[in-house]
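> Sequence first, then the predicted structure:
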Amino acid sequence: MHEYVLQTNQLSKKFKSHTALNKVSLSIRKGSIYGFIGQNGAGKSTLIRIVTGLAYPTEGTIELFGASEEKELIQARKRIGSIIESPALFPHMTASENLEANRLLRGIPGKNCIPRMLEQVGLKEVGKKKAKNFSLGMKQRLGLAIALLGNPEFLILDEPTNGLDPIGVIEMRELLKRLNRELGITILISSHILSELHLMATHYGIIHHGQLLEQLTAKEMNEKCQQYVFIKVDNPDKATAIIQNELGTSDFEVMQDGAIKLYSHIEQPSKVSSALFSAGLAVEKFMPMGEDLESYFTKRIGGNSYV
Ligand SMILES: Nc1ncnc2c1ncn2[C@@H]1O[C@H](COP(=O)(O)OP(=O)(O)OP(=O)(O)O)[C@@H](O)[C@H]1O
């Protein structure tokens with residue numbers, strides 16, 4: 001049994017002079033939910049298209065369920081279900097008809113799987129409603145049901161929450177978590193918004209300008225989201241002098257508006273506040289905070305904005 005569902009080895013893709021993927025080596029462990037995060041144009045779709053056989057790499061190899069030869073890869077890809085870009089639906093057909101049409105097109109045996117697929121994605125009740133009248137969230141869930149035809153062991157979803165409202169994002173998250181938990185399906189899900197992957201991903205891969213910057217577990221990600229004390233005072237220069245001289249630390253950052261993020265003394269905030277009060281500073285704000293995932297991502301890719 002292979003520990004990894006997918007491993008890419010030094011995978012590169014060039015479009016003329018443009019390098020969309022640059023020596024990407026990522027590993028997706030069996031049973032994980034791998035959040036593949038990167039800005040628009042970072043190379044997520046390119047990697048997904050190579051894995052699903054829609055594009056060829058310029059260099060490097062992939063290993064899918066242990067298979068790496070082209071012939072074996074064709075077989076291995078049958079164990080994948082995917083949504084790439086928006087799901088292709090027949091608008092004038094109902095959810096069941098859409099599923100049946102896709103089942104026939106893909107030559108998957110057994111019509112009786114359709115009600116189970118609809119139930120799995122919470123569309124059992126929509127009955128005769130045509131797909132064109134579905135909300136975006138329902139369309140995405142129907143796309144997911146189509147991807148689940150043939151009982152895949154590995155689901156690959158390219159930005160499945162794109163355009164969904166916050167409720168739709170939560171519904172999709174819960175659904176994917178359930179598929180992972182109950183059916184043991186390994187999931188690769190890409191997004192340009194890290195918070196959409198948070199509370200779902202067990203592992204993360206951060207891609208930027210075609211390069212995989214980092215792979216980390218959810219636990220490591222949480223640890224990296226640094227804790228700090230947020231301080232706003234009337235005289236930031238005086239405050240930083242006190243922090244350095246009296247608290248003996250330079251582990252802080254001064255923001256443009258003069259607010260201070262103190263990364264030490266997290267466990268002793270009262271020591272900090274009394275030093276500031278004793279120096280006669282007017283403290284406007286003083287609170288322990290944790291860096292959120294989004295700002296970690298922004299910092300990691302070395303920018304100010306992640307969109
Ligand atoms: N067929 C192509 N021809 C030329 N350039 C391409 C092609 N496909 C992708 N690219 C370029 O490769 C880079 C990576 O694109 P890709 O679609 O993989 O990014 P992405 O991370 O999926 O972003 P998005 O979320 O916008 O789809 C981009 O600069 C894109 O313009």
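Good, I have the coordinates.

> So for the top strand by length along the chain, mean pLDDT?
Counting by DSSP state E, the longest strand found in the chain is strand 4-15. Within the predicted structure, the mean pLDDT of strand 4-15 is 96.

> Buried residues in whatever helix or strand comes next after it, which are they?
Moving toward the C-terminus from strand 4-15, the next helix or strand (DSSP states H and E) is strand 18-24. The neighbour-count criterion (16 or more other CB atoms under 10 Å) identifies 19-22, 24 as the buried residues of strand 18-24. The C-beta positions use only the backbone N, C-alpha and C, and glycine is treated the same way.

> picking that back up, tell me the angle of the longest strand of the chain relative to strand 18-24?
What separates the directions of strand 4-15 and strand 18-24 is an angle of 150 degrees, with axes from the mean of the first three to the mean of the last three CA atoms, to 10 degrees.

> and the ligand, which of the buried residues of strand 18-24 contact it?
Here is what survives when the buried residues of strand 18-24 are matched to the ligand using CB under 6 Å from any ligand atom: residue 20.

> next one: phi and psi at residue 36?
Per-residue torsions, residue 36: phi -100, psi 110 (degrees, to the nearest 10).

> Next up, the contacts around it.
Going by CB atoms under 8 Å, 6 or more residues apart in numbering, residue 36 touches 44, 47-48, 188-191, 204-205, 207.

> And stretch 275-290, how far out from the chain middle?
For stretch 275-290, the distance from its own C-alpha centre to the chain's C-alpha centre is 36 Å (CA atoms, centre = their mean, to the nearest Å).

> ok, longest helix in this protein?
Here the longest helix in the chain is taken by residue count, with DSSP state H as the criterion, and it is helix 166-183.

> Can you give me the buried ones in stretch 278-287?
Judged by neighbour count (16+ other CB under 10 Å), stretch 278-287 contains these buried residues: 281, 286.

> Give me the secondary structure label for the closest residue to residue 101 other than its chain neighbours.
Closest residue to residue 101 apart from its sequence neighbours, by CB to CB, 6 or more residues apart in numbering: residue 90 at 6.0 Å. Following DSSP: H, G, I helix; E, B strand; the rest coil, the label given to residue 90 is coil.

> Residue 56 now?
coil.

> my read: it touches residue 62, true?
No - taking contacts as CB atoms under 8 Å, residue 56 lies outside contact range of residue 62: 10.5 Å.

> Need the residues touching each of these two.
Among the neighbours of residue 56, those also in contact with residue 62 (CB under 8 Å, 6+ apart) are residue 50.

> Between these two, which is the more surrounded one?
Taking residue 56 and residue 62 together and counting by other CB atoms under 10 Å, residue 62 has the greater number of neighbours (20 against 9).

> Which residues of this protein lie near the ligand?
Taking CB under 6 Å from any ligand atom as the criterion, the chain approaches the ligand at residues 15, 18, 20, 38, 40-46, 159, 192.

> Now, those residues that are in strands?
Filtering the residues of the chain next to the ligand for strands - DSSP E - leaves 15, 18, 20.

> Give me the below-cutoff pLDDT ranges for the chain.
By pLDDT under 70, the weakly predicted segments of the chain are 1-2, 127, 303-307.

> helix/strand/coil for residue 72?
Taking three-state DSSP, the label given to residue 72 is helix.

> residues near it, how many?
Look at residue 72: counted by other CB under 10 Å, it has 14 neighbours.

> For the stretch 201-307 of the chain, which segments count as strands?
Chain-ordered strands for the stretch 201-307 of the chain, with DSSP state E, counting those that start in this stretch as the definition, fall at 203-208, 211-217, 227-233, 252-254, 260-262, 283-290.
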